[in-house]
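Chemist: this is the structure alone, sequence omitted:
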């Protein structure tokens, strides 16, 4: 999970740089740069066996049978990675990115028997206003929100027969002036080839109560696995914070003092809502959430 998250952040950094959000880069003296990542099956969530062939910018590699990883050098300016699974009917998947001019980890690239479009809206967690020019990464696909905060990720790997692997994919979102966050399509299924996810909420980076780095925290428990469960913190019927938990089930939020409700969902399982009261800005409340 740690390597995957690092890959997402690196991928979003590439997108930001292409949009004018970053600087630096190679001095142009080399024509090849390292490219790395993983190819995963959306059905099994593991490596493909037989291995898949990955090709990009004049280079090629076969994925590792254990973890799906690949690594090879590509031409500077490469903008597409092609994955060809063998021994399946998945067909070829092509992942496009802003020009790769430095060593880049593109994270986890998912392939599968079907393909969908993942849509949603990115909003300010404090005001609920849409956020334009937010960068999204999910399953190896990237997108930027429009003026209405809406995004559309196309050609996302999916399986009509089982959504368990798809629900476990963790995406990343970030925008200037906001803390980066994670999101998922947990519990959402495709309708006419489109999966619509819950609003992705970004917390302003100046929206910090004093004291510790979080004041509402806890652990999601129960079920076969809790990884990918989505925890929502609501106030007055509005979701003000959202967190997708990892394998350890832990979540945490920074919020102003007040009264909230917290709940968690993962597929058909849910827990809560439970009341959370913060009488002071430096109050700390733990609320564990059992799924049932």
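Modeler: Yep, it's here. Please read all numbers here as calculations on a predicted model, not as lab measurements. Residues are numbered from 1 along each chain as shown.
Chemist: list the contacts of the nearest residue to residue 202 once chain neighbours are set aside.
Modeler: Distances taken as C-beta to C-beta, 6 or more residues apart in numbering place residue 178 nearest to residue 202, at 3.9 Å, with adjacent residues excluded. Just so you know, the C-beta spots here come from the backbone N, C-alpha and C atoms, and that holds for glycine as well. Applying C-beta atoms under 8 Å, 6 or more residues apart in numbering to residue 178 gives the contacts 124, 131, 134, 202-205.
Chemist: likewise for residue 277?
Modeler: Shown in contact with residue 277 (C-beta under 8 Å, 6+ apart): 258-260, 285.
Chemist: distance check, residue 196 against residue 188.
Modeler: To residue 188, residue 196 is 7 Å away according to C-beta to C-beta, to the nearest Å.
Chemist: how about the helices in the chain?
Modeler: Here the chain has its helices, by DSSP state H, at 2-18, 164-167.
Chemist: what's the least confident stretch among these?
Modeler: Note on those: helix 2-18 shows the lowest mean pLDDT, a mean of 51.
Chemist: report the central residue of this protein.
Modeler: When C-alpha atoms, centre = their mean is applied to the chain, the residue found nearest the centroid is residue 171 (0.8 Å).
Chemist: any idea how far residue 217 is from it?
Modeler: The value you get for residue 171 to residue 217, if C-beta to C-beta is used, is 22 Å.
Chemist: swap in residue 292?
Modeler: According to C-beta to C-beta, residue 292 and residue 217 sit 21 Å apart.
Chemist: compare these two (neighbour count), which wins?
Modeler: Neighbour count, other C-beta atoms under 10 Å: between residue 292 and residue 217, residue 217 has more, with 18 against 9.
Chemist: now do the same contact list for the nearest residue to that one once chain neighbours are set aside.
Modeler: Distances taken as C-beta to C-beta, 6+ apart put residue 252 closest to residue 217, at 4.0 Å, once the chain neighbours are dropped. Going by C-beta under 8 Å, 6+ apart, residue 252 touches 213-214, 216-218, 243.
Chemist: buried sites along stretch 142-161?
Modeler: Using 16 or more other C-beta atoms under 10 Å as the test for burial, stretch 142-161 gives 142-145, 149, 151, 153, 155-159.
Chemist: out of those, which one sits closest to residue 51?
Modeler: Residue 51 lies nearest to residue 157 out of these, by C-beta to C-beta, at 16.9 Å.
Chemist: what's across from the closest one in the sheet?
Modeler: As for beta bridges, residue 157 partners with residue 115 under DSSP bridges.
Chemist: quick one: contacts for residue 291?
Modeler: For residue 291, the contact set (C-beta under 8 Å, 6+ apart) comprises 220-223, 226, 229, 264, 266, 269-271.
Chemist: I figured residue 170 hits residue 184, correct?
Modeler: Yes: counting by C-beta atoms under 8 Å, residue 170 touches residue 184, with 5.7 Å between them.
Chemist: let me know the pLDDT of residue 1.
Modeler: Reported pLDDT for residue 1: 44.
Chemist: quick check: closest non-adjacent residue to residue 43.
Modeler: residue 159 (4.9 Å).
Chemist: residue 46 now?
Modeler: Spatial nearest neighbour of residue 46, chain neighbours left out: residue 40 (6.6 Å); criterion: C-beta to C-beta, 6+ apart.
Chemist: follow-up on the earlier one: take the buried residues of stretch 142-161 and keep only those in strands.
Modeler: 142-144, 151, 153, 155-158 (DSSP state E).
Chemist: on that earlier part again, give the bridge partners for the residue nearest to residue 202, please.
Modeler: Beta-bridge partners, per DSSP bridges, of residue 178: residue 204.
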